[in-house]
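> Structure, please.
(one chain, ligands or ions: 1)
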Amino acid sequence: MSNSQKIDQRSVVIKHFSAQFGGEPVYVIRAPGRVNLIGDHTDYNDGFVMPMAIDRAIWLAVRPNNTRTVTVHSADFGDTAVFNLDALERIDSHWSEYVKGTAWALSERGYALAGWDGVVTGNIPPGAGLSSSAALEMAVAKAFALVSGFAWDGIIMPQVGQQAENGWMGANTGIMDQTISANGKAGHALLLDCRTMAMTHVRLPSDYAVVILDTGTRHQHTESGYNERREQCETAAQHFGVSHLRDVGVSELQAQADQLDKTTHKRARHVVTENARVLQAVGALLIGDIGTFGRLMNASHVSLRDDFENSMPAMDVMVALAQAHEACAGARMTGGGFGGAAVALVAAGQVEDFIRDIATAYREQTDYDAVFYVCQAAEGVGVGAG
Ligand code: GLA
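Residues are numbered from 1 along each chain as shown. Modelled structure (predicted):
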């Protein structure tokens, strides 16, 4: 997305704020979505991931209201939610539960919260695996930090967002999405060690574009197999007598293959090999070896599809089409899975051809229309005066 489009989103949310509440917002917050280049279902296994923040974001325009109430309007849904900070109550799976859940997680951690009026808008397609919900949580956490006067912390606030997912929404997701939304760096991917939370920003090559291929299929992690996959990983870790699969090596896993049931072994094999792939991928990126990086992406897809079994037929068609294209260095499904988007690294000069060719072939081979987003790696959550 170009810079002028970014400015657009900002003025759109300010305009909606004025229409809804009158006057101007005091803060305009932008929290990006993310795409994960490699390392899926490793975060809650204390492993390694390599996402980047994308130039698609949630925008939240906010003004303190000196009450105990939060009033938040979604410009995209044309819908307003109101809740009292002293009587947080989960109602249903309404979009505003992410706002409320973040308030709840902050309160649980002892933050004193103040009320605000806000308008939210965004251009991250929901349910595509691009972390629109994590972006909303980080925007809301930032709003509370500004309005309530507590310090922002790039490690703790992602934990707050994760707590909202786990404890309020009932999705036992990991720490990756909120961490990259909070800590993205323009032009860079992030190597994150989910055990130590050590972060290393790795520059992306300028001659390749990151293309997101939205299959048009959708998930919801409270209902998909996500929580079940996580439990299977925990069962495998217990078998090895470790807290997390991070502590199991490839050879150890192979040596004990016949002691695990087939499904548990496959889940564990994905996680253990995926951790190794992330570390190899970082090494490849650091020396500009995009061929190796792409092959690791392809291998990651096979592992997710066959061992973790969280792909879908339409997704496999999409990824196979992308991988077979001459402009593509590598492609894989990305995010939680069970539908959503794939990600591909594509030679910068051939992106238009790539998208045209894949769109046509995908429509021929599936019942879905694909949507493509050519993404730049963006900065993490940011704020400017309204
Ligand atoms: C979702 C979760 C993340 C992570 C990915 C899979 O995006 O929110 O924590 O587990 O799935 O890598």
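
> What mean pLDDT does stretch 8-26 get?
Per-residue pLDDT values over stretch 8-26 give a mean of 96.

> So which bits of it are buried?
Gln9, Arg10, Val12, Val13, Ile14, His16, Phe17, Gln20, Phe21, Pro25, Val26 (16 or more other Cβ atoms under 10 Å). Yep, even glycine has a C-beta here, placed from its N, CA and C like the rest.

> Just confirm the second one contacts Arg30, I think it does.
Yes: between Arg10 and Arg30 a contact is recorded at 7.3 Å, counting by Cβ atoms under 8 Å.

> what's the nearest residue to the residue of the stretch 1-150 of the chain found nearest the ligand if we skip its chain neighbours?
Proximity to the ligand, evaluated over the stretch 1-150 of the chain using Cβ to the nearest ligand atom, is greatest for Asp40 at 3.5 Å. By the measure of Cβ to Cβ, 6 or more residues apart in numbering, the closest residue to Asp40 outside its immediate chain neighbours is Leu304, 6.2 Å from it.

> Next up, phi/psi of that neighbour, please.
Dihedral angles of Leu304 (phi, psi; degrees, to the nearest 10) stand at phi -70, psi -40.

> quick one, what contacts it?
Asp40, His41, His270, Asn310, Ser311, Arg332, Met333, Gly337 (Cβ atoms under 8 Å, 6 or more residues apart in numbering).

> In a markdown table: these, plus pLDDT, distance to Gly187 and secondary structure.
Putting these into a markdown table (pLDDT from 0 to 100; distance: Cβ to Cβ, whole Å; DSSP: H, G, I helix; E, B strand; the rest coil) gives the following:
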| residue | pLDDT | distance to Gly187 | secondary structure |
| --- | --- | --- | --- |
| Asp40 | 98 | 23 | coil |
| His41 | 98 | 27 | coil |
| His270 | 98 | 30 | helix |
| Asn310 | 95 | 30 | coil |
| Ser311 | 95 | 30 | coil |
| Arg332 | 98 | 21 | strand |
| Met333 | 97 | 24 | strand |
| Gly337 | 91 | 27 | coil |
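
> and Gly174, what element?
Under the criterion of DSSP states H and E, Gly174 resides outside all helices and strands.

> and the top strand by length along the chain, how far from the chain's centre?
In the chain, assigned by DSSP state E, the strand with the most residues is strand 48-64. Remark: strand 48-64 is offset 9 Å from the chain centroid, using Cα atoms, centre = their mean, to the nearest Å.

> And for stretch 337-346?
Going by Cα atoms, centre = their mean, where stretch 337-346 is centred and where its chain is centred differ by 12 Å.
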